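Peer 1: Need coordinates for the following:
(one chain, ligands or ions: 1)
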Amino acid sequence: MSRKKIIAGNWKMNMTPSEAVALINTLKPLVQNDEVDVLLCVPAIDIIPAMEAAKGTNIQIGAENMYFEEKGAYTGEISPNMLVDAGVKYVIIGHSERREYFAETNETVNKKVLKAFEHGITPIICCGESLTQREQGITIDWIRQQIKVAFLNVTADQAKTAVIAYEPIWAIGTGKVATTEQAQEVCAAIRACISEIYDEATAAAIRIQYGGSVSAASAPELFAQADIDGGLVGGASLKPDFGAIVNYNK
Ligand SMILES: O=C[C@H](O)COP(=O)(O)O
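Peer 2: This is a model prediction of the structure:
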């Protein structure tokens with residue numbers, strides 16, 4: 001089955017609203033590639049101006065996080081309804097930075113994933129191992145556990161539309177990209193895990209990204225791997241380099 005690649009930027013806590021608009025205007029002509037889905041996940045305060053700036057282009061705007069309640073006394077949180085009303089179709093869930101600094105767990109990730117599906121938002125579900133876990137040889141076990149819990153009570157039809165981002169923590173923002181073999185091995189194991197939970201058709205449909213120091217230089221080889229369907233790009237999505245990543249196949 002041929003899966004359309006999805007190349008997403010994750011701006012993290014960067015870009016004021018006016019900087020966001022300026023960056024999107026810079027990126028517009030650089031990220032034209034009909035063969036891939038192009039997405040920018042931006043800080044909540046940037047979503048509306050970013051949507052406006054990206055109107056009429058191939059750039060979609062997503063969110064970096066979302067809470068699992070609809071509304072109420074949750075100071076500082078963003079609800080699924082708010083994202084839907086702003087036109088958001090994708091949300092990153094369970095990034096390792098959210099797990100490390102904001103105490104997110106596999107269980108809260110699962111609640112958020114279910115809530116996103118309930119509202120018709122596609123979750124980009126993050127998973128990944130630490131350097132210690134890789135050195136201990138428990139990478140695959142760890143990631144299988146993250147995936148199994150994230151997908152609890154998710155239907156096969158929902159799972160087919162999900163995006164999973166494999167991001168080895170040791171490769172994030174370090175310039176130390178995983179080798180193509182390491183990235184492909186884990187992405188293939190994730191697909192096998194989805195096949196075990198659901199079936200082969202679901203595993204064949206789901207899109208799996210690699211993230212962690214993706215650059216214009218590393219993207220072509222990474223994205224050519226059988227089980228890698230694009231990337232979740234941090235630092236390089238804040239620069240015109242993102243255009244070269246999106247056009248990795250040109
Ligand atoms: O979500 C994106 C990742 O954390 C990768 O960030 P990076 O490309 O800066 O290493």
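Peer 1: The helix or strand containing residue 25: what's the following helix or strand?
Peer 2: Element membership for residue 25 (DSSP states H and E) is helix 17-27. As assigned by DSSP H and E, the chain's next helix or strand after helix 17-27 is strand 36-42.
Peer 1: which parts of that next one are buried?
Peer 2: Using 16 or more other C-beta atoms under 10 Å as the burial criterion, the residues of strand 36-42 that qualify are 36, 37, 38, 39, 40, 41, 42. In this view, the C-beta of every residue, glycine as well, is placed from N, C-alpha and C.
Peer 1: Just to check, the first one is in contact with residue 59?
Peer 2: No: with contacts counted by C-beta atoms under 8 Å, residue 36 stays clear of residue 59, the gap being 11.5 Å.
Peer 1: ok but residue 124 is inside a helix, no?
Peer 2: No: secondary structure of residue 124 (DSSP: H, G, I helix; E, B strand; the rest coil): strand, not part of a helix.
Peer 1: Please name the residues that touch it.
Peer 2: Neighbouring residues of residue 124 by C-beta atoms under 8 Å, 6 or more residues apart in numbering: 8, 41, 62, 90, 91, 92, 93, 163, 164, 165, 209, 232.
Peer 1: quick one: the helices in this protein?
Peer 2: 17-27, 47-54, 80-85, 96-101, 106-118, 131-135, 139-150, 156-161, 180-197, 200-205, 219-223, 241-246 (DSSP state H).
Peer 1: Which neighbouring elements make contact with the second one?
Peer 2: Using 3 or more C-beta pairs under 8 Å, 6 or more residues apart in numbering; DSSP states H and E as the contact definition, the elements that helix 47-54 packs against are helix 17-27, strand 36-42, strand 59-63.
Peer 1: Now do the last one against strand 36-42, angle only.
Peer 2: This means strand 59-63. 40 degrees (axes from the mean of the first three to the mean of the last three C-alpha atoms, to 10 degrees).
Peer 1: got it, and the longest one?
Peer 2: On the basis of the same axes, to 10 degrees, helix 17-27 is oriented at 160 degrees to strand 36-42.
Peer 1: what does helix 17-27 contact?
Peer 2: 11, 15, 40, 42-43, 45-46, 49-50, 52-54, 59, 238, 240, 242-243.
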